[in-house]
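Trainee: Sequence plus predicted model, see below.
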Amino acid sequence: MELRKNFTKIKTRISELWEYNIFRYTIIIHGLYFIISVILTLSVFRERNDFLVYYEVGKVFTTDITNLYSADYLWPFRYFPISAIFFVPFYLLGFELGLILFNLLNFILNLLISILLYKIIILIKGEGHEKEEKRVILYICLFLLSLPNLFNYILGQINLYITFLVLLSLFLFLKFESIKWEFVASVILGLSIIIKPVTIFMIPFLLIINFNRNTKKIVFSPLRSINRLVGVLIPLLLNLFIFVPYPQLFDGFLTINFTGSEPIIQNHSFSLSKLIVNFCIFYKITYNPLLILMILLLFFGILGFASYMLRRKSENSIIFGYIFGILIMLLVYFDSWPHHLLILTPMLIILIFLSPRNSDIVKKYIKPSFIFLSFCDLAFMGIWFLLKDFFPYNFVTTIFLILTFYGVSKKLLKENK
């Protein structure tokens, strides 16, 4: 009886949404994204996709774990070693069936992400926004229609798994204030990091710390902050079960991410560090890639955390922390790709609805960045390949990321007076 009741509710809800033209178009186009991507990946891009790396990682983990970071993959495997367990079932299914299941899960995750986005927006919607849900549905549909979603499907990438965990973690932080739920939310964020460490710079923003401008004192909650940090670190510490018996994997993880040959090659990454590396390679300038990364990390890390500490309002501040965490990673780390934007753009949608309807900062910085990152970034990646022999800089996306960083900082410091 309960199952039938829930089915009726879902059917009624779909009928309500079907009244929106944008929803109908989105269902059709996104379905085509999924079908076209599977066909292309199994034919045209069969030897040039990221799922192939995950598939090989699952094989190496089960047959020769000591070579997890040194095996001859199509592209380097950069994630924590325990994440390789996740890819083993797809390897056991075989490449074709494994890819189809992997992307089918991606498709389902997009549906769950849409539901989470809707729930978060309804929870935090700022002043002046329309009571009806039409505009909320529009932005969620724009996310589903975004070109990074198609790119993610074609490559067989894992970003939607991360987006789902990040949004679930954020929803729990916003919905519940108890220490128990903050711990659970932190653990979920930690799981996203061990699957793909692109969210690792969100960790410092879990600290509950704020500089009160009126009293000129720092307000800090040590118990809740420690609770959050313990929660996020527990999944990361699971890697010790692999690093301890196989210490060479720890060296391999550090080498492949920071000191190996990959950071010194020229590619179309839009991170600021890669733009500098490409500049040095093009003009044959001697450089230290690790030093470049550390300088940029300190610069953007200090700016972001200072803005976070000096914020005028603490309500829903975790949203800004999450946005800063992913922005810092995209700007600082060597390899930042269009499919990574699927982690950032849902956060920008949330920020749009968190802000007042007439926010100048949203109009000038956040909305233009959301539209560009969702629909224009891939075009400039293509331009890079056309111009790389004499102008190897994929810099336009970098500009929009910096504008977003500036807009978020400005909103924290000024608009929330």
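Mentor: Nice, I can see it.
Trainee: Summarise which helices and strands the host helix or strand of residue 301 is packed against.
Mentor: Per DSSP states H and E: residue 301 is located in helix 289-309. Counting contacts by 3 or more CB pairs under 8 Å, 6 or more residues apart in numbering; DSSP states H and E, helix 289-309 is packed against strand 209-212, helix 272-282, helix 317-332, helix 396-410. No exception for glycine: its C-beta is placed from N, CA and C like everyone else's.
Trainee: and it with helix 396-410, angle?
Mentor: 30 degrees (axes from the mean of the first three to the mean of the last three CA atoms, to 10 degrees).
Trainee: related to what we said a few turns ago, is it possible to get a markdown table of the helices and strands packed on helix 289-309 that adds distance to residue 85 and mean neighbour count?
Mentor: Below are the helices and strands packed on helix 289-309 laid out as a markdown table (distance: least, CB to CB, whole Å; neighbours: other CB atoms under 10 Å):
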| stretch | distance to residue 85 | mean neighbour count |
| --- | --- | --- |
| strand 209-212 | 35 | 16 |
| helix 272-282 | 30 | 20 |
| helix 317-332 | 23 | 23 |
| helix 396-410 | 32 | 20 |
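Trainee: between these, which gets nearest to residue 63?
Mentor: helix 317-332 (31.7 Å; CB to CB).
Trainee: Now do whatever helix or strand comes next after that closest one: distance to the chain's middle.
Mentor: Using DSSP H and E, the helix or strand that follows helix 317-332 in sequence is helix 341-354. Counting by CA atoms, centre = their mean, to the nearest Å, helix 341-354 is centred 10 Å from the centre of its parent chain.
Trainee: per-residue confidence averaged over the lengthiest helix in the chain?
Mentor: Of all segments of type helix in the chain, defined using DSSP state H, the longest is helix 95-124. Helix 95-124 shows a mean pLDDT of 96.
Trainee: likewise stretch 408-417?
Mentor: Per-residue scores along stretch 408-417 average to 79.
Trainee: Name the residues of stretch 83-93 that are buried.
Mentor: Using 16 or more other CB atoms under 10 Å as the test for burial, stretch 83-93 gives 83-87, 90-91, 93.
Trainee: Dump the residues you listed to JSON lines, plus distance to residue 110.
Mentor: Below are the buried residues of stretch 83-93 laid out as JSON lines (distance: CB to CB, whole Å):
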{"residue": "83", "distance to residue 110": "21"}
{"residue": "84", "distance to residue 110": "24"}
{"residue": "85", "distance to residue 110": "24"}
{"residue": "86", "distance to residue 110": "18"}
{"residue": "87", "distance to residue 110": "20"}
{"residue": "90", "distance to residue 110": "18"}
{"residue": "91", "distance to residue 110": "24"}
{"residue": "93", "distance to residue 110": "21"}
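Trainee: Next step: those residues restricted to helices.
Mentor: Cross-referencing the buried residues of stretch 83-93 against helices under DSSP H gives 84-87, 90-91, 93.
Trainee: Closest to residue 181 out of those residues?
Mentor: Closest to residue 181, out of all of those and judged by CB to CB, is residue 86, at 25.0 Å.
Trainee: What are the neighbouring residues in contact with the closest one?
Mentor: residue 195 (CB atoms under 8 Å, 6 or more residues apart in numbering).
Trainee: before we move on, the earlier item: which one of the helices and strands packed on helix 289-309 lies closest to residue 23?
Mentor: helix 317-332 (25.4 Å).
Trainee: Apart from its neighbours in sequence, what residue is nearest residue 253?
Mentor: Leaving aside its chain neighbours, residue 253 sits nearest to residue 69 (6.1 Å; criterion: CB to CB, 6 or more residues apart in numbering).
Trainee: I misspoke; the intended subject was residue 45.
Mentor: Nearest one to residue 45, counting by CB to CB, 6+ apart, is residue 154 at 6.3 Å.
Trainee: ok, residue 347 to residue 226 distance?
Mentor: 25 Å (CB to CB, to the nearest Å).
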